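*Asks:* Using only what follows, build the 3D model:
(chains A, B and C)
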Amino acid sequence: MPDLGKYAFEVSMAYVVSLSLLGVLVAVTLAKGRKVRAQLRAFEEARKEANEKA
Amino acid sequence: MSLWEYANPKKFMQTSAAILPYTAGLTAICLVVGLVWGFFFTPDDFRQGSTVKIIYLHVPSAMMAINIWVMMLVTSLIWLIRRHHVSVLAAKAAAPIGVVMTLIALFTGAIWGQPMWGTWWEWDPRLTSFLILFLFYLGYIALWSAIENSDTAADLTSILCLVGSVFAVLSRYAANFWNQGLHQGASLSLDKEKNVADVFYQPLLFCLAGFVLLFVTLLLLRTRTEIRTRRLLALRLRERQAA
Amino acid sequence: MKALLLRDLALAVKAGGGFGLSLAFFLIVTVLIPFGVGPDTGILSEVASGVLWVGALLACLLSLDRIFQLDFEDGSLDLLVTAPLPLEGLVAVKAFAHWLTTGLPLTLMAPVLAVLLNLDPAGFPWLVVSLALGTPALSMIGTFGAALTVGLKRGGLLLSLLVLPLYVPTLIFGAETVRRAVDGFDTTTPLLMLAGITLGTIALLPFAAAAAIRINLR
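*Replies:* Below is the predicted model:
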């Protein structure tokens, strides 16, 4: 860890806040993507089954 | 081979699936190289001390905050003129990324200024312009969520993006006017890009590339999700109507 | 179009029309400020120009959702859209009606409220001039915002979120005009910018607003 001197708090906070925000953005993006993909797949499977029965 | 081919959702999904691993990989490389290099292996600045390290977050995020809005403007125009759904869904997908970039730019800008200004916030014209841009992003996202019909929402948010862009530029000049005023003493500007020495500049380039690639990766991911969501809604609607 | 104007004016002035409401709100905000900030007349006179402008702006905001809502609910908005008159013109007339019932009274009442906030007398005429030049822009921008949200049930808060950032340039130049007048400096620049914004919004926003209404009525 480099010696951040007297601005250690400010610099650390800047990095922690920024990287956390980016992390949240990536996490939400991936989670939502996974959810919608699963819903779409479930829907299309249900439709396929309905078509096969008919 | 025209760019318009990608307006076809299926083609977009195929192409984005193919290139996503590469953009994600490159993003990771550039960000890690840039941030690690910048944070650990650069010296302190004579005047700013270690706070110069904030440049590696502030400059890329500020650049992206503005460029993402410009991208939203262009894609909104494409939607209004050529009615390509992929275009407007890309704008919708880009907005939250823009919000986060603007937030990071605001936080890092304020934190960077604290040692210089002595306060956690100063109404510096540039930071103020970013605050206004943040509000424009919020309004755009809020309008999308408020309207049920997706085509109506697409049209209205595109108009808002257009009008908002004009006012955003206007606000930039107004904010400059507002704070260069007669009562203001010389304020330390955060405009360090012009005379940044090489030793700082090279890791910064990696960070800039990293942020751009991060935007592209997230944009592709989110646009794919939006396209899937739209398809899901259309299928559900069709099923409800058939019943 | 004159008929539309008169009809809107009559609607606004009648009971629940919002005509007196904006003025009352302006008064209340002006009275609340000293309670919040403290009665020191030195401080009050420093913030007076900005507070009066912000108060006028917020008072304008109050009556915005009425611009199209009543017509939307009873179906007359559909009639207006299909009328032989250009929708852009009708939108401009509605904005004008809003200004006559909101911006204009606020402008006229501002000097009285300026006394309450100890505004330096040098600022009084410029307060009136800046408000007179700026409030039409507020009405036009507000009309655009109302057009965007016309179909929404509880669109009031969203309307504020959309419109207030658009108000910022007008607010900056309007308040700056009064501040410069109080400090004895030349007011030409902010006043010209203010006039420019107003003229620009009146010329261009009717098209955006009309487009928004057509989209909402599809």
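
*Asks:* ok, which stretches of the chain are helices?
*Replies:* Assuming you mean chain A. For chain A, helices defined by DSSP state H occupy the ranges A:8-53.

*Asks:* try again with chain C
*Replies:* So, for chain C - with DSSP H - the helices run C:2-13, C:19-37, C:41-62, C:66-74, C:76-82, C:87-98, C:104-116, C:124-148, C:156-183, C:188-216.

*Asks:* Just name whatever secondary elements the second one is in contact with.
*Replies:* Meaning helix C:19-37. When contacts are defined as 3 or more C-beta pairs under 8 Å, 6 or more residues apart in numbering or on different chains; DSSP states H and E, helix C:19-37 sits against helix C:41-62, helix C:104-116. In this view, the C-beta of every residue, glycine as well, is placed from N, C-alpha and C.

*Asks:* Then the shortest one?
*Replies:* Packing contacts for helix C:76-82, counted by 3+ C-beta pairs under 8 Å, 6+ apart, involve helix C:66-74, helix C:87-98, helix C:188-216.

*Asks:* Give me the residues contacting the second one.
*Replies:* Outside helix C:87-98, the residues that touch it by C-beta atoms under 8 Å, 6 or more residues apart in numbering or on different chains are C:1, C:4-5, C:8-9, C:12, C:63-64, C:67-68, C:80-81, C:83, C:136, C:139-140, C:142-143, C:147, C:202, C:206-207, C:209-210, C:213-214.

*Asks:* If we use 6 Å, what do you get?
*Replies:* Residues outside helix C:87-98 that contact it (C-beta atoms under 6 Å, 6 or more residues apart in numbering or on different chains): C:1, C:4-5, C:8-9, C:67, C:80-81, C:139-140, C:143, C:206-207, C:209-210.

*Asks:* neighbours around residue B:3, how many?
*Replies:* 7 (other C-beta atoms under 10 Å in any protein chain shown).

*Asks:* how close does it sit to chain C?
*Replies:* 26 Å (C-beta to the nearest C-beta, to the nearest Å).

*Asks:* give me every residue that touches that residue.
*Replies:* Counted by C-beta under 6 Å, 6+ apart, residue B:3 has zero contacts.

*Asks:* Tell me where the model's unsure across chain B.
*Replies:* B:1-2, B:181-197 (pLDDT under 70).

*Asks:* Sorry, slip of the keys, the one I care about is chain C.
*Replies:* Using pLDDT under 70, the flagged stretches of chain C are C:12-18.

*Asks:* Close to chain B: what parts of it are there?
*Replies:* C:148, C:152, C:158, C:161-162, C:165-166, C:168-169, C:172, C:208, C:212, C:215 (C-beta under 6 Å from any C-beta of the partner chain).

*Asks:* run the last query once more with 7 Å
*Replies:* C:144, C:148, C:152, C:158, C:161-162, C:165-166, C:168-169, C:172-173, C:176, C:185, C:208, C:211-212, C:215-216, C:218 (C-beta under 7 Å from any C-beta of the partner chain).

*Asks:* Run through chain A and note the low-pLDDT ranges.
*Replies:* A:1-2, A:4.

*Asks:* where's the residue sitting furthest away from the middle of chain C relative to residue C:118, distance?
*Replies:* What lies farthest from the middle of chain C is residue C:40; by C-alpha atoms, centre = their mean that is 29.3 Å. The span separating residue C:40 from residue C:118 equals 9 Å under the rule C-beta to C-beta, to the nearest Å.

*Asks:* Likewise for residue B:150?
*Replies:* The value you get for residue B:150 to residue C:118, if C-beta to C-beta is used, is 53 Å.

*Asks:* Same question for residue C:184.
*Replies:* As defined by C-beta to C-beta, residue C:184 lies at a distance of 17 Å from residue C:118.

*Asks:* More neighbours: the two, which one.
*Replies:* The neighbour comparison of residue C:184 against residue C:118 (other C-beta under 10 Å) goes to residue C:118, with 18 against 8.

*Asks:* In contact with the more buried one: list those residues for me.
*Replies:* C:41, C:44, C:45, C:48 (C-beta atoms under 7 Å, 6 or more residues apart in numbering or on different chains).
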